[in-house]
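Chemist: Pasting the sequence and the predicted model now:
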Amino acid sequence: PVTRLADYQPPAWLVPDTTLDVDLRDGHTLVTARLTLRRNPERADKPEDLVLDGEHLELRSLTLDGRELNPGDDYRLDGPRLVIPGAPDHFTLTSVVRIEPENNTALEGLYRSNGMYCTQCEAEGFRRITFFPDRPDVLSRFTTTIHADKSAYPLLLSNGNPVDAGEEQGGRHYATWEDPFPKPCYLFALVAGDLACLSDTFITASGREVALRLYAEHRDLDKLDHAMDSLKRAMAWDERVFGREYDLDIFQIVAVSHFNMGAMENKGLNIFNTSCVLAHPDTTTDAAFERVESVVAHEYFHNWSGNRVTCRDWFQLSLKEGFTVFRDQEFSSDMNSRAVVRVENVDFLVNHQFPEDQGPMAHPVRPAAYQKIDNFYTLTVYEKGAEIVRMQHELLGADDFRRATDLYFERFDGQAVTCDDFVACMEEVSGLDLAQFKRWYSQAGTPVLTVTDDYRDGEYRLTIEQHTPATPGEPDKQPLMIPVKLALLDGQGRPLPLDDQGRAETVVILRETREALSFQLPERPTPSLLRGFSAPVSLRYDFSEEQLVTLLAHDTDGFCRWDAAQRLYFAALARIIDDGESAADQLPRLTPVLERVIARADEDPAQAALLLGLPTENAVGDRHTPLRPQSVHQAVSGLRAAIGEALAEHWWRLAKDLEADAYQGDGAAMGRRRLRRLAIAYLAAAAGQGALDADQVADYVARDFDQPDCMTNALGALRDLVHNGLAQNGRLEAFAERWADEPLVMDQWFAVQASVPGPDTVARAEGLLAHPAFEWTLPNRVRAVVGTLVNGNPSAFHAPDGSGYALFARALKKLDGINPQIAARLASGGARLKRLEPALADQLGAALRDIRPGASANLAEVLDRILGA
Ligand code: ARG
Ligand code: ZN
């Protein structure tokens with residue numbers, strides 16, 4: 001069944017109040033729901049039937065205004081719906097249902113994780129808890145009472161404020177929570193367990209005290225400080241930058257091991273994947289520390305962008321997600337180096353969202369139709385959606401943008417609204433006409449900007465053409481409104497004045513398919529285009545190598561420097577892949593450029609690491625058709641080893657100069673660690689190919705492993721050894737023994753092995769799937785092995801004998817029976833099917849067609865798109 005945006009109708013009945021009573025027992029749970037219902041005056045057609053959603057529920061009783069209803073005459077169960085014909089305009093409906101959280105491996109609705117009960121309701125999980133109009137435009141005031149055994153579940157949590165608690169017979173107890181803010185049921189949450197708590201307080205701008213409580217398993221209590229610190233900074237930041245204050249007396253986060261996504265913004269009770277909240281230097285890498293900071297902020301920011309103002313329907317998902325990602329990116333930029341964060345965000349978008357937007361899964365940021373909304377929690381909705389908000393921020397300027405978001409929050413507080421409502425606030429405040437701009441929401445695909453130029457008689461002419469290639473189901477594309485920020489650099493890399501006021505940077509707003517610009521300049525410039533990545537487009541301009549070197553060396557824009565470096569690497573790799581040149585052939589051109597970056601590395605080590613790192617094999621493969629993963633791997637690993645050898649003295653010096661006397665966790669220390677690990681990775685790559693003394697390098701690398709000061713170094717060293725076949729001496733085994741009780745560290749242990757390049761890793765991954773610590777029901781573990789192999793290790797996944805595809809298909813089938821959301825998400829790893837060389841495409845296609853019969857609705861939707869069915 002397909003759901004379409006065009007078919008949207010307001011709800012027929014509203015539910016002003018919801019009273020839930022959840023009785024947690026061993027083996028089953030009874031949920032009693034009392035809903036007050038009243039006809040929605042906005043539905044003029046007055047439908048006869050009240051229809052509620054409900055799945056996997058065993059209905060025990062149903063009463064309407066106290067009268068017991070009988071199946072058949074009074075109601076009918078129609079698949080995933082409960083239908084009450086001829087329902088009155090106002091009434092109270094009370095249902096009792098029995099559910100089995102113990103057997104819920106889909107991790108939607110109410111389920112168990114490591115002995116605790118928890119929930120995940122977005123998008124459509126609440127219907128697995130009770131019968132309800134499970135749609136985001138039905139906002140209800142929730143009161144929730146939880147009953148459970150007191151010793152096993154001393155802690156009983158839900159949304160809002162605690163209002164009552166007490167003892168019950170048989171060693172049981174209860175707690176009642178009241179959420180004063182009407183909310184859609186996807187924001188409902190409940191937790192019961194025996195958890196440790198880190199408490200703190202936050203005083204809001206208006207002087208209210210908010211209790212902050214972070215919960216985790218007792219053993220993880222020492223891993224909550226970073227999340228608490230991040231939360232307090234996020235709360236202060238949202239007040240300062242967006243004028244948004246917290247609104248309840250208490251804000252809680254619970255860490256859960258079994259979780260489908262990163263985290264969830266339930267009102268007043270965020271629930272997090274442990275991987276996005278727990279952090280300690282001994283067990284957590286720097287990258288994971290940064291992720292915790294950003295996810296904690298993201299979920300907190302949803303309290304306004306998502307909860308106070310929510311989505312009318314799930315087609316509007318980017319209204320909350322794109323906006324909230326933009327907010328968390330800005331937060332991270334303010335907390336860390338803005339230039340580095342921007343490049344990281346762009347790198348992620350270009351190398352992950354662009355392929356999605358150019359492949360079989362392409363869809364608009366506001367999709368027009370879906371089968372399972374779970375399949376649309378995508379990089380397009382999140383990351384491209386954030387870029388669309390960012391462009392509006394740039395078009396309006398920071399002050400008007402703030403006025404527009406103030407208007408948005410004030411006007412729509414307590415309502416469920418649309419992306420159009422958001423843009424209307426931008427238009428109203430600024431006076432801009434954004435009608436054409438809104439095509440960014442409705443049109444899929446990555447626009448390609450083709451820039452050509454010409455210099456004659458003191459006039460520099462730039463011609464920019466835009467073209468969005470067709471995407472599945474969308475053959476014809478309209479021109480978009482595209483802000484292109486640019487500067488023009490002279491021979492020394494200095495910006496030339498662009499007008500009488502001497503401005504060095506300008507923003508051109510493209511509207512037509514083809515536009516021409518002209519500048520009076522004393523010399524032919526090097527164009528610095530799309531500065532700050534001012535629009536999510538693919539830029540084509542025939543840069544000369546000299547121009548790229550100028551940009552990399554002198555541009556003041558962090559994105560343009562990084563982009564220039566990437567273009568140099570892609571060009572060198574193309575000469576290896578397409579023209580039969582060797583890696584060594586590239587060195588005379590590349591090493592002088594890299595040496596200049598290295599010479600300035602201490603200005604900003606993190607930025608230097610971004611500039612000095614080669615693109616991933618996926619990024620390279622996506623630029624060559626057909627995709628030949630083995631030759632891409634040969635080229636990238638060969639070039640890495642060659643650079644490692646040619647610049648070995650520099651890498652050794654960086655590695656040693658950047659050694660730290662003692663562990664530090666600040667941003668500057670993280671930047672130094674990042675650059676040092678990059679230098680060591682180059683040395684290890686060269687040593688692995690026999691270009692450097694393997695023993696000498698292995699000894700040095702192993703020191704970080706044997707006497708680690710933090711997980712970043714221990715794990716980095718382990719990866720360098722294992723990936724390059726350097727002396728391992730039982731270190732993998734030692735690591736597994738040391739960290740057997742730390743699931744998040746064990747995930748890394750699995751991932752290090754699943755990411756060893758080369759076809760032999762498929763057999764190794766089969767071994768990992770058979771390892772006693774591997775669990776199909778634990779999404780993080782599945783992602784660590786299967787996700788890493790499929791999405792992060794192309795030379796193994798695309799093994800010529802098809803063994804990677806066989807593992808993939810078997811894993812999908814197995815997972816689909818356990819957790820369809822996870823199966824469907826992993827399945828998108830097959831989206832490069834049509835780009836593969838024929839021998840591989842045939843095998844992957846056959847493997848996926850094989851599992852299509854009997855696939856869940858989630859998995860089927862993804863397989864059909866990939867197979868083009
Ligand atoms: N709203 C959550 C976020 O912060 C994501 C939850 C998605 N859950 C799902 N089952 N699709 O981004
Ligand atoms: Zn979100």
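Modeler: Looks like it came in fine. Ligands and ions are numbered 1, 2, ... in the order given.
Chemist: give me every residue that touches residue 134.
Modeler: The neighbourhood of residue 134, defined by CB atoms under 8 Å, 6 or more residues apart in numbering, consists of 53, 124, 126, 127, 185, 186. In short, each C-beta sits where N, CA and C put it, glycine included.
Chemist: Among these, which are located in strands?
Modeler: residue 53 (DSSP state E).
Chemist: Can you convert the contacts of residue 134 into TSV and add a column each for distance to residue 698?
Modeler: Listed next are these as TSV, based on distance: CB to CB, whole Å:
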residue	distance to residue 698
53	59
124	52
126	54
127	55
185	56
186	51
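Chemist: Let's see which of the contacts of residue 134 end up in helices.
Modeler: Members of the contacts of residue 134 lying in helices (criterion: DSSP state H): none.
Chemist: Of the contacts of residue 134, grab the buried ones for PyMOL.
Modeler: A single PyMOL command selects the buried members of the contacts of residue 134 (16 or more other CB atoms under 10 Å):
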select buried, resi 53+124+126+127+185+186
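Chemist: Quick check: the two most widely separated of the contacts of residue 134?
Modeler: Greatest spatial distance among these (CB to CB): 53 and 186, at 11.5 Å.
Chemist: Which residues are in contact with each of those two?
Modeler: 124, 134.
Chemist: neighbours around residue 615, how many?
Modeler: 19 (other CB atoms under 10 Å).
Chemist: Just confirm it contacts residue 566, I think it does.
Modeler: Yes: look at residue 615 against residue 566 with CB atoms under 8 Å: they come within range, at 6.0 Å.
Chemist: ok so, going back, need the contacts of residue 134 in CSV with distance to ligand 2 and pLDDT, can you?
Modeler: Output for these, formatted as CSV (distance: CB to the ion, whole Å; pLDDT from 0 to 100):
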residue, distance to ligand 2, pLDDT
53, 22, 98
124, 16, 98
126, 17, 99
127, 21, 99
185, 17, 99
186, 12, 99
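Chemist: Please list the residues of the stretch 251-400 of the chain that sit near ligand 2.
Modeler: Those residues of the stretch 251-400 of the chain that sit near ligand 2, judged by CB under 5 Å from the ion, are 321, 324.
Chemist: Nearest to ligand 2 within the stretch 101-250 of the chain, name that residue for me.
Modeler: Proximity of the stretch 101-250 of the chain to ligand 2 (CB to the ion) peaks at residue 122, 8.8 Å away.
Chemist: Apart from its chain neighbours, what residue comes closest to that residue?
Modeler: Take residue 122 and drop its neighbours on the chain: the residue closest to it by CB to CB, 6 or more residues apart in numbering is residue 186, 4.2 Å away.
Chemist: Now do the contacts for the one you found.
Modeler: Residue 186 makes contact with 121, 122, 123, 124, 125, 126, 134, 136, according to CB under 8 Å, 6+ apart.
Chemist: Number of residues surrounding residue 245?
Modeler: Residues near residue 245, counting by other CB under 10 Å, number 15.
Chemist: Not counting residues beside it along the chain, what's closest to it?
Modeler: residue 204 (4.8 Å).
Chemist: Could I get the phi/psi values of the one you found?
Modeler: phi -80, psi 170 (degrees, to the nearest 10).
Chemist: Tell me how far it lies from residue 243.
Modeler: 12 Å (CB to CB, to the nearest Å).
Chemist: Could you measure from residue 586 over to residue 48?
Modeler: 72 Å.
Chemist: Looking at the two, which is more packed in?
Modeler: Set residue 586 next to residue 48 and count neighbours by other CB under 10 Å: residue 586 wins out with 23 against 11.
Chemist: In contact with that one, which residues are there?
Modeler: Counting by CB under 8 Å, 6+ apart, residue 586 touches 572, 575, 576, 639, 642.
Chemist: same thing but at 7 Å, please
Modeler: 572, 575, 639 (CB atoms under 7 Å, 6 or more residues apart in numbering).
Chemist: can you tell me the helix or strand for it?
Modeler: helix 583-599 (DSSP states H and E).
Chemist: what's the answer for residue 480, then?
Modeler: Assignment of secondary structure by DSSP H and E places residue 480 within no helix or strand.
Chemist: give me every residue that touches it.
Modeler: By CB under 7 Å, 6+ apart, the neighbours of residue 480 are 439, 440, 447, 466.
Chemist: Try it again at 8 Å.
Modeler: By CB under 8 Å, 6+ apart, residue 480 lies in contact with 436, 437, 439, 440, 443, 447, 466, 468, 510.
Chemist: right, and the second one touches residue 482 too?
Modeler: The one in question is residue 437. No: Residue 437 lies out of contact with residue 482 (CB under 8 Å); the separation is 9.2 Å.
Chemist: pLDDT weak spots in the stretch 201-350 of the chain?
Modeler: Within the stretch 201-350 of the chain, the set of residues satisfying pLDDT under 70 is empty.
Chemist: That one: strands as residue ranges?
Modeler: 209-216, 250-256, 263-264, 269-273, 309-311 (DSSP state E, counting those that start in this stretch).
Chemist: Packing partners of the longest one?
Modeler: Translated: strand 209-216. Where contact means 3 or more CB pairs under 8 Å, 6 or more residues apart in numbering; DSSP states H and E, strand 209-216 is packed against strand 196-203, helix 225-242, strand 250-256.
Chemist: Quick one: residues in contact with the second one.
Modeler: So the one you mean is helix 225-242. 198, 200, 202, 204-205, 210, 212, 214, 244-246, 251, 253, 277-280, 289, 292-293, 296-297, 300-301, 304, 327, 330-331, 334-335, 402, 405.
Chemist: Can you give me the end-to-end span of stretch 391-405?
Modeler: The straight-line separation of the ends of stretch 391-405 (CA to CA, to the nearest Å) is 14 Å.
Chemist: can you pull the buried residues of that stretch?
Modeler: 391, 392, 393, 394, 395, 396, 400, 401, 402, 403, 404, 405.
Chemist: For those, work out which two are farthest apart.
Modeler: It's 391 and 403 that sit farthest apart of these, by CB to CB, at 17.2 Å.
Chemist: returning to what we had before: of the strands of the stretch 201-350 of the chain, which approaches residue 678 most closely?
Modeler: Across the strands of the stretch 201-350 of the chain, closest to residue 678 is strand 269-273 (CB to CB), at 27.7 Å.
Chemist: Run a quick check on residue 442 versus residue 367, I expect a contact.
Modeler: No: if you go by CB under 8 Å, residue 442 and residue 367 don't touch, sitting 9.3 Å apart.
Chemist: what sits up against the helix or strand where residue 23 lies?
Modeler: Using DSSP H and E, residue 23 maps to strand 13-25. Strand 13-25 has contacts (CB under 8 Å, 6+ apart) with 29-40, 50, 87, 101, 110, 117, 130, 132-133, 138, 140-149, 153, 182, 185, 190, 192.
Chemist: Out of those, which end up buried?
Modeler: Among these, the ones that count as buried by 16+ other CB under 10 Å are 29-33, 35-37, 39-40, 50, 87, 101, 110, 117, 130, 132-133, 138, 140-149, 153, 182, 185, 190, 192.
Chemist: Now for residue 34: which residues touch it?
Modeler: So residue 34 contacts 17, 18, 19, 20, 92, 93, 94 (CB under 8 Å, 6+ apart).
Chemist: Any idea what the fourth one is bridged to?
Modeler: Residue 20 has the following beta-bridge partners by DSSP bridges: residue 33, residue 144.
Chemist: does the residue lying closest to residue 567 once chain neighbours are set aside count as helix, strand or coil?
Modeler: Counting by CB to CB, 6+ apart, residue 567 lies nearest to residue 548, which is 5.4 Å off, once chain neighbours are set aside. Under DSSP: H, G, I helix; E, B strand; the rest coil, residue 548 falls in the helix class.
Chemist: how near is residue 548 to residue 534?
Modeler: In terms of CB to CB, residue 548 sits 19 Å off from residue 534.
Chemist: same question, residue 661
Modeler: Taken as CB to CB, the span from residue 661 to residue 534 is 42 Å.
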